[in-house]
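1. Give me the fold of what follows.
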Amino acid sequence: MSKVFGECFWLCLAFFANLLLVENTVFAAETTAAPVQIPDAENAIALAEPQHQLPEPTDAQTPAASVPAPPETLASGATPETSESDLTAASHSAAPASVIASELKQSEIPETLPDNNSSQQPQSPSQPLDAGSMSQVTSVSQLSDVQPTDWAFQALQSLVERYGCIAGYPDGTYRGNRALTRYEFAAGLNACLDQVTKLISGGTGNLVTKEDLAVLQRLQEEFAAELAALRGRVDALEARTSELEANQFSTTTKLNAETIVAVGDTFGDGAVGEDKTNTNFGYRVRLNFDTSFTGSDRLRTRLQARNSARYDRTTGTPMTRTNFDGDSGSQIILDKVSYQFTIGRTTVEIGAKGLTSDDVAPLINPYFDSAAQGAVSRFGAFNPAIYNTPGETGIAINHLLSDKLNLTLTYLANTAADSTEGNGLFNGSYGAIAQLTYSPSSELDLALSYVRSYSRRDDVDLSLGTGSNNANQPFNQSATRGNHFGVEASWRASPRFDISGWVGYVDAQQLSDGDAKADIWNGGVTFAFPDLFGEGNVGGIIVGVPPKVTRNDIKENKDNATSIHVEALYRIQVSDFISVTPGVYVITNTDHNKDNGTTWVGVLRTSFTF
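-> Predicted coordinates:
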């Protein structure tokens, strides 16, 4: 009898699975009480006792086979709107999870039951199918709208032909796409359970034979070792899963990190005369905690510690600064807090701290814009007239006007958290960017950029540590307004060669202690050689003129020479997580001053990312 009840258990399990997966299942079976007419049915559903004996189960038609395996399409992005035609599979295929979710959502609960439920006497199976009634179907082929290619065909076939548990509508249709209500589920379940009860009470001799029991016993003995091994693996997996769940950091937050360690030195006569820089070894560590609440948003919290020499303090010119320098005394600080989310074709990022210009707009220098993987100099990374502008708190908006055209709008304040006079979100130093980025093909990127900047008194740094001292402070520490214009381009001529470049111009005006004006220009060209001498490696050459004051109403603050920046580097990709970059750059007439000589800067940078 235990085998009989086991067979009934699998039968019920298969039935439950089909009721949950099929959008509209109509059941019929004669019960001991008067049958109940389901209120949501468009026509009366004929309930009939099956007129055939339960056949012997076969391997091809076991109740368990009709239970669809849980699919994984939900995780891959399938949506409830996926059409049923797209999900049609062979009779043994599993139902996509997105369809299941859609069907369950579509099922509605009637507010009240009808006061009077009419009863019908079941039709005889011998009566023909017509518009007025339909008897218990004995073959799934009697349902005109059920095809062998339907994904639930095997389950329907099993329930109809083996257990006599399903009937159709009077017009000979099954209507598998109609929503299933809870009342229909209850009525169908009750009917099928009655059928199971009758089959059990009617005799079990035809269900399980001694031969079947012998086969099952033999199979159990033959696969005892495999079953024991599988049980042990499952137990071990459960233990590991429990341990991971107990010790996981977060289900919504991921950690990605970047560590830079570098050895460097400068050589030659800088802006202050003789070279005063000693060989130094510094680092920068950043830990980014990225949290997502919806799957399409990101809350970034960054911790940073660094102790890397600033060469402008020993050479006397910002032109010598590296792309990763800075000294916070090895203290761990909160370096960035920003929240990014997407609405349609628009991406919005709001930053409370650390949201800088080079974070928010597309940078048109793909191989050298990164501090960890790109240029070793600050000037060689990108156009300093545009992306080295004031501000780290505010909002950035990137909107795709088309698949090839992107509009960037930002407003970033420098002292937004300071409520004193001359500071705050709108009264302190700021930079506002507008940029159009055009990518007509995967090989070509173009950008037109504009920045409106304001630097309050004693907080003036127009290009944030690139170019000459005059270019950063054309009117010393007087309040300064700047109109910044830039053109950037990048062309991937081949998989192994890319050329990028930019031109930047700043129209600066003094706002306190006078009304002087100045013009500041800069430009650069970069040559990248991807996969040079090895996959993942990059060789690079950067040539340009750092920001230079070409005209200034304050004559002594006009640059009297032109410095040329020449940089060569070679990034060796040791692994997916480690790269080593030796690089050197030379600056002629340091600080755009004819009285200064040439300065050399050498760097060996190692980057770890994970």
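2. Direction included, what does the strand or helix carrying residue 572 pair up with?
-> Using DSSP states H and E, residue 572 sits within strand 565-573. Next to strand 565-573 in the sheet, as set by DSSP bridges, lie strand 538-552 (antiparallel), strand 578-587 (antiparallel).
3. neighbours of the closest residue to residue 289 other than its chain neighbours, just the number please.
-> Distances taken as CB to CB, 6 or more residues apart in numbering place residue 301 nearest to residue 289, at 4.5 Å, with adjacent residues excluded. Any C-beta I mention is one placed from the backbone N, CA and C, and that applies to glycine too. When neighbours are counted by other CB atoms under 10 Å, residue 301 registers 18.
4. Could you pull out the buried residues of the helix or strand where residue 301 lies?
-> Secondary structure assigned from DSSP H and E places residue 301 in strand 298-308. Buried residues in strand 298-308, counted by 16 or more other CB atoms under 10 Å: 298, 299, 300, 301, 302, 304, 305, 306, 307, 308.
5. What of stretch 435-454?
-> 435, 437, 439, 445, 447, 449, 451, 453, 454.
6. Stretch 272-279 too?
-> For stretch 272-279, by 16+ other CB under 10 Å, it's 275, 277.
7. Report the distance from it to the chain centre.
-> 47 Å (CA atoms, centre = their mean, to the nearest Å).
8. now that stretch: mean pLDDT?
-> The average pLDDT within stretch 272-279 is 83.
9. okay, how far is it across it, tip to tip?
-> In stretch 272-279, first residue to last residue: 18 Å (CA to CA, to the nearest Å).
10. who's in contact with that stretch?
-> Residues external to stretch 272-279 that are found in contact with it (CB atoms under 8 Å, 6 or more residues apart in numbering): 263-270, 309, 311, 314-316, 599.
11. So residue 226 belongs to a helix, correct?
-> Yes: judged by DSSP: H, G, I helix; E, B strand; the rest coil, residue 226 forms part of a helix.
12. How about the contacts made by residue 350?
-> Counting by CB under 8 Å, 6+ apart, residue 350 touches 338, 339, 340, 394, 395, 396.
13. where's the last one relative to residue 588, distance?
-> Same thing as residue 396. Separation of residue 396 from residue 588 (CB to CB, to the nearest Å): 37 Å.
14. Looking at these two, which is more packed in?
-> More crowded of residue 396 and residue 588, by other CB under 10 Å: residue 396, with 23 against 16.
15. Skip the chain neighbours and tell me the closest residue to that one.
-> Leaving aside its chain neighbours, residue 396 sits nearest to residue 360 (3.5 Å; criterion: CB to CB, 6+ apart).
16. What pLDDT is listed against that neighbour?
-> Note for residue 360: predicted pLDDT of 90.
17. Next up, the contacts around the residue nearest to residue 289.
-> When contacts are counted by CB under 8 Å, 6+ apart, residue 301 is found next to 288, 289, 291, 334, 336, 337.
18. Residue 366 now?
-> By CB under 8 Å, 6+ apart, the contact list for residue 366 reads 445, 490, 498, 500, 528.
19. From residue 505, how far off is it?
-> 23 Å.
20. what's the answer for residue 425, then?
-> According to CB to CB, residue 425 stands 28 Å off from residue 505.
21. Kindly report the same for residue 552.
-> Using CB to CB, residue 552 is found at 14 Å from residue 505.
22. These two - which one has more neighbours?
-> Neighbours were tallied for residue 552 and for residue 505 using other CB under 10 Å; the higher tally belongs to residue 552 (21 against 17).
23. is it true that the more buried one touches residue 509?
-> No: in this structure, residue 552 is not within contact of residue 509 by CB atoms under 8 Å, at 11.1 Å.
24. who touches both of the two?
-> With CB under 8 Å, 6+ apart as the test, residue 552 and residue 509 both reach 516, 517, 518.
25. Mind putting those residues into a markdown table with secondary structure and pLDDT?
-> Listed next are the shared contacts of residue 552 and residue 509 as a markdown table, based on DSSP: H, G, I helix; E, B strand; the rest coil; pLDDT from 0 to 100:
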| residue | secondary structure | pLDDT |
| --- | --- | --- |
| 516 | coil | 96 |
| 517 | strand | 96 |
| 518 | strand | 97 |
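26. can you pick the most crowded of the residues you listed?
-> Compared across the shared contacts of residue 552 and residue 509, residue 518 has the highest neighbour count, 24 neighbours, by other CB under 10 Å.
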